[in-house]
Every structure is written in C-alpha cells, then in structure tokens.
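> Predicted model and sequence follow; I will ask about them next.
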Amino acid sequence: MQASTMAATDSTKMEGFWSNWKCQVMELLYWRNLKQSGFVFGSLLLLLFSLTQFSVVSVVAYLALAALSTTISFRVYKSVLQAVQKTDEGHPFKAYLEVEMSLSHDQMQKYAENAQYYINSTLKELRRLFLVQDLVDSLKFAVLMWLLTYLGALFNGLTLLIMGEDLFLIPYAQIDQYLALIRTQVNSVVGK
C-alpha cells in the first residue's frame, strides 16, 4: 500500500517539474522574451561551434579565462577609479560575494530524487527493450538504432546538435497561427 502511495507522490512531483520545465522551454522557443531567447540561442550556438573546433577542456578553459579577464579588469578599473576619486566604495562584487551559494539538504534531496527517478525509469525501459518484454517495441527500437547508424555515418554528433539547435529559428507562433487558419478552413469544408 505504501509503495503505491509513494509512486503516486513521485509521479505527481515529476509531472509538476516537467510541466514547469516545458513551459520555460516553450517560452524560449516562442521567443516571448527576445533578449532571453536570443542570449540562449546565441550562447548555445557559439558553444556548439566552439566544440567543433576545440576540445571540451579547451572550451571550458577559454570560457573561464574570458570570465576571469572581465572580472579582474572590472575590479582593477574600479580600484583605480576609487583611488583617483578618493572614495571608499569597497569591493565592486561585494554584494555577490555575500550571497549564500549553497544547496540545502532538502534541495539536494529533491534533486537526487529527481535524478534517481529518471535514471530508474530509463534503466527499466532499456531493460524492457533489450530483454524483449514486448517484441514489437524491441523491433521498433532495433529499427531506430539501425537508422541512427546511418545518421551517425552521415553526421557527427556536434553537427546534429547544431542542426537541432536551429529549431530556435523557427517562428513557432506564426506557424501556429497559420495552422489554426488551415484547421478552420478544413473544418468548414468538412462541415459543408
């Protein structure tokens, strides 16, 4: 009895998490906040193109160096400005240094439970597919894997990620408007 209650609670938590996550992704895809979507799209595209030219270690190191160069330059600039103007404003990043940046035990437990749920679900599904619990599903999975071998032969993984990231460029809001017009036309024709 207790296991079914826990499963229902886990299911409810995960549905809430997924619905919130899906809403945030749809906000980005529909470009409702142009600055945010542009920043995410541009950063992701720059990261993917960087990974096509450099190793992951190099990209992380370059990003860290860029961030450090910016913050050190700003700190030195503010220090020189304080010395010239003879003010005592203190450290320019003081507000950020005082922000508590630790996860509580409850937050860590929540994230661990979410990760555990996804890992367990994935393992159960893979076990079901590989051990042929349902022949049709296992055959579908085999065909999908076979098709992916051809896709992998044509493109490398980063090219596929870049192509997938180009979905940001599709104006979903306009497509939805035209689909709604088409649906109304089809429904009116079918109604007649």
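All right, it came through fine. Numbering: from 1, shown residues only.

> Which helix or strand contains the spatially most central residue of the chain?
Compute the mean C-alpha point of the chain, and by CA atoms, centre = their mean the closest residue is V25, 7.8 Å away. Element membership for V25, per DSSP states H and E: helix 2-29.

> after that helix, next one along is what?
Past helix 2-29, the next helix or strand by DSSP H and E is helix 34-53.

> Return the list of helices and strands in contact with the lengthiest helix in the chain.
Counting by DSSP state H, the longest helix found in the chain is helix 56-85. Applying 3 or more CB pairs under 8 Å, 6 or more residues apart in numbering; DSSP states H and E, one finds that helix 56-85 contacts helix 34-53. In this view, the C-beta of every residue, glycine as well, is placed from N, C-alpha and C.

> Which secondary structure elements does the helix it packs on sit against?
Partner elements for helix 34-53 (3+ CB pairs under 8 Å, 6+ apart): helix 2-29, helix 56-85, helix 157-165.

> Now that we have those helices, can you turn them into CSV and tack on mean pLDDT?
Formatted as CSV, the helices and strands packed on helix 34-53 follow (pLDDT from 0 to 100):
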stretch, mean pLDDT
helix 2-29, 64
helix 56-85, 90
helix 157-165, 78
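
> right, and those helices - which one's nearest Q174?
Comparing those by their distance to Q174 (CB to CB), the top pick is helix 2-29, with 12.4 Å.

> which residues sit against the helix or strand hosting D137?
Using DSSP H and E, the element containing D137 is helix 135-154. The contact list for helix 135-154 (CB atoms under 8 Å, 6 or more residues apart in numbering) reads R128, L129, F130, V132, L160.

> For the first one, what is the enclosing helix or strand?
Put plainly, it is R128. Assigned by DSSP H and E, R128 falls within helix 105-130.

> Which helix or strand contains I182?
If you go by DSSP H and E, I182 is part of helix 172-191.

> which secondary structure elements does that helix contact?
Using 3+ CB pairs under 8 Å, 6+ apart, helix 172-191 is in contact with no helix or strand.

> so how far is it off the chain centroid?
31 Å (CA atoms, centre = their mean, to the nearest Å).
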